[in-house]
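Peer 1: Here is my input, please return the structure:
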Amino acid sequence: MTTLPAGEPLVQLHVDADAAVFLNSGIGVMGRALIAGIVEGHPNLELTAYFSSNHPNTSWLESMQRFNNFHVKVLSLSKRKRNLLELLGFSTGPKPTNTGNSAILYIYPRPTPRTNVRQFCIVHDLSPLRGRSSTAWYGSALFRLALRSCAGRKVIPIAVSRFTRDDLASFLEFNPNDIPYIYQGLESVWFTPLETSETARVRDKYSLPSRYFAWCGDINPRKNIDTLLRAYAAARLMRAELPPLLLVGNGKQEITSLIRELGISDSIVRLPFLPLTDLVAIVSGCTAFVFPSWYEGFGRPAAEAAARGVPVIISSTGALPEIAGPAAIVFPPTNLDA
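Peer 2: Below you'll find the predicted structure:
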């Protein structure tokens with residue numbers, strides 16, 4: 001694994017943190033955990049998080065107020081206006097003046113200002129440029145503009161897996177060894193032993209059966225849910241007593257009509273995004289966790305399920321085989337019903 005370049009010891013870290021409050025899963029979960037970990041683990045480091053003017057005041061943001069070294073700066077622009085200005089070539093993020101012992105971190109790549117301050121951005125994957133993405137056209141355009149900053153060496157990209165590092169290096173025409181990669185960490189709650197009574201309590205709370213398969217994440221075409229549903233329907237024809245399939249999450253892809261068309265409406269349980277403690281209990285109690293995504297830069301849900309010690313079934317593409325290693329059953333994403 002490559003290392004980050006040396007510089008003066010950091011005293012101030014300025015974080016473009018919109019993703020931490022606007023996104024419920026994936027990058028949002030990682031962003032919240034990263035900011036909290038930095039603030040708690042480095043009390044002498046002053047961290048300022050920058051948010052758009054229309055940011056939601058989440059419970060996580062309220063909980064962060066207990067740290068004296070955590071500060072919030074609300075920008076004068078809404079998220080939509082920021083996107084518009086950045087499409088026109090203007091940077092709207094942090095612009096610290098203390099260049100010696102400060103750095104800027106982008107939880108998600110954004111077009112960056114001209115500055116002598118060290119700048120880093122976390123690249124989770126290249127899905128906005130790789131197809132099967134629910135990213136709007138302007139999101140893909142902004143992402144491409146942001147990567148120009150990396151290509152011009154203004155910003156140091158940090159990948160979340162070896163797969164993403166290699167994918168990004170290919171896009172930027174870099175030597176892969178010039179891009180550092182750091183695996184995402186998981187919240188400690190995923191490794192904390194759970195009482196059987198707590199699993200049962202959460203199962204009763206959501207009226208779940210004693211046995212069920214589980215999937216969670218953003219519902220979009222990249223997650224390959226249509227193949228998962230067809231595979232489940234085919235398996236039910238062979239085993240009528242198959243446990244139901246639980247889908248946890250929201251998204252832009254409409255799957256209700258497909259569920260109805262396959263005749264499995266009575267075996268599909270759908271829940272919105274859940275509080276973290278409930279999600280941990282639900283994943284802990286599942287018969288197996290299934291995650292057949294077409295493309296993942298890391299694959300956090302699969303790693304979380306593995307941390308709970310439940311069987312994990314994943315697709316053979318993207319970073320999933322790298323993250324799961326030998327601990328998962330692997331299938332091609334087009335042939336999950338095998």
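
Peer 1: list the contacts for Leu228?
Peer 2: Trp215, Leu245, Val290, Pro292, Leu336 (CB atoms under 8 Å, 6 or more residues apart in numbering). Yep, even glycine has a C-beta here, placed from its N, CA and C like the rest.

Peer 1: if you set the cut-off to 6 Å instead, what comes out?
Peer 2: Pro292 (CB atoms under 6 Å, 6 or more residues apart in numbering).

Peer 1: Give me the distance between it and Gly318.
Peer 2: 15 Å (CB to CB, to the nearest Å).

Peer 1: what about Ser170, neighbour count?
Peer 2: 11 (other CB atoms under 10 Å).

Peer 1: tell me which element it falls in.
Peer 2: Using DSSP states H and E, Ser170 falls within helix 162-172.

Peer 1: Over to Gly297?
Peer 2: Using DSSP H and E, no helix or strand contains Gly297.

Peer 1: What of Ile314?
Peer 2: Element membership for Ile314 (DSSP H and E) is strand 312-315.

Peer 1: Output whichever helix or strand comes after that strand as PDB - backbone C-alpha positions only.
Peer 2: Moving toward the C-terminus from strand 312-315, the next helix or strand (DSSP H and E) is helix 320-324. Extracted C-alpha coordinates of helix 320-324, given in PDB (Å, rounded to 0.1, in the frame of the first residue of the first chain):
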ATOM      1  CA  LEU A 320     -16.400  -7.400  -3.700                       C
ATOM      2  CA  PRO A 321     -14.100 -10.400  -4.100                       C
ATOM      3  CA  GLU A 322     -11.200  -8.300  -2.800                       C
ATOM      4  CA  ILE A 323     -13.000  -7.100   0.300                       C
ATOM      5  CA  ALA A 324     -14.700 -10.500   1.100                       C
END
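
Peer 1: Direction included, what does the helix or strand just after helix 320-324 pair against?
Peer 2: As assigned by DSSP H and E, the chain's next helix or strand after helix 320-324 is strand 329-331. Strand pairing for strand 329-331, determined by DSSP bridges: strand 312-315 (parallel).

Peer 1: Can you give the contact residues for the partner strand?
Peer 2: 288-293, 302, 305-306, 320, 324, 328-330, 333.

Peer 1: Just the buried residues out of these, in ChimeraX syntax.
Peer 2: Restricted to buried positions by 16 or more other CB atoms under 10 Å, the ChimeraX selection for the contacts of strand 312-315 reads:
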select :289,290,291,292,293,302,305,306,320,324,328,333
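
Peer 1: On the three-state scheme, Ala49 is what?
Peer 2: What DSSP: H, G, I helix; E, B strand; the rest coil gives for Ala49 is strand.

Peer 1: ok, now which ones touch it?
Peer 2: Val15, Ala17, Val72.

Peer 1: how does it look with 10 Å?
Peer 2: Neighbouring residues of Ala49 by CB atoms under 10 Å, 6 or more residues apart in numbering: 13-18, 20-21, 31, 35, 39, 55, 61, 64, 70-74, 94, 105, 107.

Peer 1: Now for the spatially closest residue to it that is not a sequence neighbour, how many residues are close by?
Peer 2: Excluding the flanking residues, the one nearest Ala49 by CB to CB, 6 or more residues apart in numbering is Ala17, at 4.0 Å. Neighbour count for Ala17, taken as other CB under 10 Å: 28.

Peer 1: Contact partners for Ala17?
Peer 2: Contacts of Ala17 by CB under 10 Å, 6+ apart are 31-32, 34-35, 47-52, 55, 61, 72-73, 93-94, 105-108.

Peer 1: And the pLDDT for it?
Peer 2: pLDDT recorded at Ala17 is 95.

Peer 1: And the one 10 residues further on, by the same measure?
Peer 2: According to the predicted model, the pLDDT of Ile27 comes to 91.

Peer 1: my read: it touches His124, true?
Peer 2: Yes - taking contacts as CB atoms under 10 Å, Ile27 lies within contact range of His124: 5.6 Å.

Peer 1: which neighbours do these two share?
Peer 2: Joint contacts of Ile27 and His124 (CB under 10 Å, 6+ apart) are Ala19, Ile107, Tyr108, Val160, Gln184, Gly297, Phe298, Arg300.
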